[in-house]
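Chemist: Dropping the sequence and predicted coords here.
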Amino acid sequence: VDVLDTRGVERAEERRAAVAGGEALKKLIAERNEMMGDRPDADEVPLTYDENNQGLLKRVNSLEEFADLEGVGAENAGKDLHGAGNVIGNLPPKGSPETVREGKLAVMINEELVMCNVALTNAMLMFGLPGAKSRVRADAIPLHEVVRCQRNTRESCVFQIQTMHEGFNSGMTYEISAPAEDVDGWVHDIRTLAAISYAAKNGWIVKAQDRVGAFYQSTPCQAFVAFLICVNFFIVALDAQLQPAEDSALYSTMDKLDIMFLVIFTVELAINLFSNWFRPFWKDGWNVFDFFVVSVSILSELISDFNVPGMTVLRTTRAFRIMRLAGKLKSLKRIISALTSSIIPVANAFLILLTAGCIFCVLGVEFFGSKSEVSFGTFARSAWTLWNVLAFGSWDDETLPVFRKEDGTIDFWILIYIVCLVFVMLWVLLQVVVALLLDNFVQSKARSDAEDELEKLKEAEVEGGTPLQPLLRDFVLTFDTQEQLKRGIKKLFVVLDVGGQGYLDYQKMHLGLKKLNTDVRIVITEEDWTEITVHHTLSNALGEMNLQQFEKMMMGQIKSYIQRGLTDIMAMNQHRIENHAMLAGLRVLMLPKGDEGAQEELIGDLEKKMDELEEALSGWARGDGSAGGGNNNAVGDQQHGNGDRRGPIGVGSSYSSQDVLLKFNKDEQPPVEQLQPIPASKPLFRILEATKEAPVM
């Protein structure tokens, strides 16, 4: 308790000194460093005075020695990190239009006073990593979770921000020191934007939209709307078949049913528009189509009492209501989407087909225009004639017979023209159009199937994965090489290590992982922490994990994630023999090759024995027996007498270095075929290299 109280007093003194500045700050720093150096449990990093920013403290971050902040900063995200900033997050560029206010301020986070870049946007207050150049986002406060923002009554240059307890920052309180003339501006802007953001996120309209949207998107509601669409189309078809007279009772009944369905579809459109207002509604093409059909139906009903020309055309839009069914059923939507995605490639092929048809029309006018003005007198007549030939396969022009009526001979010019027309237009170009349509349809269906399988894979990951699943997915997709992956892990460690203390514990991981830019917010429990650290084998007795342990943990988690992914994909590809076999082989290759801990222990023992062997051979080569205490032996055997001592490996003057290696500890020696002769010129400490390829025993 005394230590915690002392540290709390020290933090307050540091903060007040940071505001005051000057020689008093330097003196406080010297006294504080001397006191912390005498404390046996001190694990703090010394402080130094920043001459370029008088009145502010700058912590000498021990992570800079191995984290290479400049190398893993946001400025290199597009070079060797390939967008790792998308996972960790970056501050907006300087002078960005989305930035309302920015500056370099002193921030007290987790009782750590740091100097960092601070940027205020319409939705967030973001803090960068400590450092003048760093634009990597270390922390952020969603403005809709700000509970209180006020100026400190004791210190005029400090203002406090209290966050929501169950929110993004878990109720943390931030103390920020700014120049005296800017404090009021920061407080005013944060309060204003926080109120606007809270209203946008938690207002009664937003809550009502969420509830109405959940009801509208539910399966029973969508099924009921699809049923109404089918019933309405049946009534429209029945009306077209019966054609009741306007003064009949059946006509009146049909008209009332049409109005009833129009009202129902209008209410349904209003619910959809309210729940998806504004941009989400208009981004969906099916919603736009629904809006058009319902709007035209309402317009036709409103002007039905007036004798407006074209009224019949407006009423025909009732027949298109059935097309709204495709937007409600996933299978129909997939087919329509595949057809629409094929429009542009097929349109290019149609353009070539149209160009070839125009060429044949011009040739027909030139060749046969004088002989048959009815069929080839003009370009339009020639086009109609060729359309009949292509569509119906008949040549009905009696003035241009293929077989002459006079003598029954063949008119080869006409025959060649027809054959070329059919060959080019039907057998070649039209087949190209069909092939393109089919190819794009198959590709669109494959993309849709891939999206479905991806959704299934995500569901499987959620069921059998770890809380780190979203982060692992982003890491696997972001980095190309192991070096990039390690640099990304190092950057993540620096971001999570708030305060730069050189370690991560459960509290830091719990708070930091929630703030990453993943598609799903990562929240870990103490049970998850125990599993992640492999029952605390990757942390010390205090539950703290350094950079090396964090890197080992992340590499193991990524490997397990890939193995689980291969297993899930294998389960989804059981019907595809070749894919199943290939994935099974990859999964087997990624399985652990025995107990890695036992391997490391055995390698350590082998290295130790190689050192003993090197010492023994060195003494044997000198012939003084100094290594083992015998006259001619390299290693003395304590179990023998004082006379002729022979080492445990039985080394004598006639043994070569290869013989020594073969006789050394026969119970653990690798197979002979795995060993290589050691030349006399080769250093003895390289003996271990000869056994690297031997199987671990």
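Modeler: Done, it's in. Numbers count the residues shown, from 1 in each chain.
Chemist: where exactly do the helices run in the stretch 301-450 of the chain?
Modeler: Counting by DSSP state H, counting those that start in this stretch, one finds helices in the stretch 301-450 of the chain at the ranges 311-315, 330-341, 343-368, 373-376, 379-392, 412-421, 430-464.
Chemist: Hey, what's the angle from the last one to helix 343-368? Just curious.
Modeler: Just to be clear, that refers to helix 430-464. Angle between the axes of helix 430-464 and helix 343-368 is 180 degrees (criterion: axes from the mean of the first three to the mean of the last three Cα atoms, to 10 degrees).
Chemist: weakest of the helices of the stretch 301-450 of the chain in terms of mean pLDDT?
Modeler: When the helices of the stretch 301-450 of the chain are compared on mean pLDDT, helix 311-315 scores lowest, with a mean of 72.
Chemist: Restricting to C-alpha, output stretch 318-337 in PDB.
Modeler: Below are the C-alpha coordinates for stretch 318-337, written out as PDB (Å, rounded to 0.1, in the frame of the first residue of the first chain):
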ATOM      1  CA  ARG A 318     -48.300  -4.200 -61.700                       C
ATOM      2  CA  ALA A 319     -46.900  -7.200 -63.700                       C
ATOM      3  CA  PHE A 320     -43.300  -6.300 -62.600                       C
ATOM      4  CA  ARG A 321     -44.200  -6.700 -58.900                       C
ATOM      5  CA  ILE A 322     -43.300 -10.400 -59.200                       C
ATOM      6  CA  MET A 323     -39.700  -9.400 -60.000                       C
ATOM      7  CA  ARG A 324     -39.500  -8.000 -56.400                       C
ATOM      8  CA  LEU A 325     -39.600 -11.700 -55.400                       C
ATOM      9  CA  ALA A 326     -36.000 -12.100 -56.700                       C
ATOM     10  CA  GLY A 327     -34.900  -9.600 -54.100                       C
ATOM     11  CA  LYS A 328     -36.500 -11.700 -51.300                       C
ATOM     12  CA  LEU A 329     -35.200 -15.100 -52.300                       C
ATOM     13  CA  LYS A 330     -31.500 -15.700 -52.200                       C
ATOM     14  CA  SER A 331     -31.400 -18.300 -55.000                       C
ATOM     15  CA  LEU A 332     -33.300 -16.000 -57.400                       C
ATOM     16  CA  LYS A 333     -31.200 -13.000 -56.400                       C
ATOM     17  CA  ARG A 334     -28.000 -15.000 -57.200                       C
ATOM     18  CA  ILE A 335     -29.300 -15.800 -60.800                       C
ATOM     19  CA  ILE A 336     -30.300 -12.200 -61.500                       C
ATOM     20  CA  SER A 337     -27.000 -10.900 -60.100                       C
END
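Chemist: Tyr417 is in contact with Phe367, isn't it?
Modeler: Yes - taking contacts as Cβ atoms under 8 Å, Tyr417 lies within contact range of Phe367: 6.8 Å. Backbone N, C-alpha and C define where each C-beta goes, glycine included.
Chemist: Which one, of the helices of the stretch 301-450 of the chain, ends up nearest to Leu496?
Modeler: helix 430-464 (22.2 Å; Cβ to Cβ).
Chemist: residues near Gly543, how many?
Modeler: 16 (other Cβ atoms under 10 Å).
Chemist: residue contacts, it?
Modeler: Asp505, Tyr506, Trp529, Thr533, His536 (Cβ atoms under 8 Å, 6 or more residues apart in numbering).
Chemist: hmm, try it at 10 Å
Modeler: Tyr503, Leu504, Asp505, Tyr506, Gln507, Glu526, Trp529, Thr530, Thr533, His536 (Cβ atoms under 10 Å, 6 or more residues apart in numbering).
Chemist: and it, backbone torsions?
Modeler: Phi and psi for Gly543, reported as degrees, to the nearest 10, are phi 80, psi 30.
Chemist: Next one: it relative to Phe261, how far apart?
Modeler: 65 Å (Cβ to Cβ, to the nearest Å).
Chemist: And Ser218, its phi and psi?
Modeler: Torsion angles, degrees, to the nearest 10, at Ser218: phi -70, psi 150.
Chemist: contacting residues for it?
Modeler: Ser218 touches Phe224, counting by Cβ under 10 Å, 6+ apart.
Chemist: What are the boundaries of the strands in this structure?
Modeler: With DSSP state E, the ranges of strands along the chain come out as 47-49, 57-59, 99-109, 112-121, 124-128, 137-142, 146-151, 158-163, 173-177.
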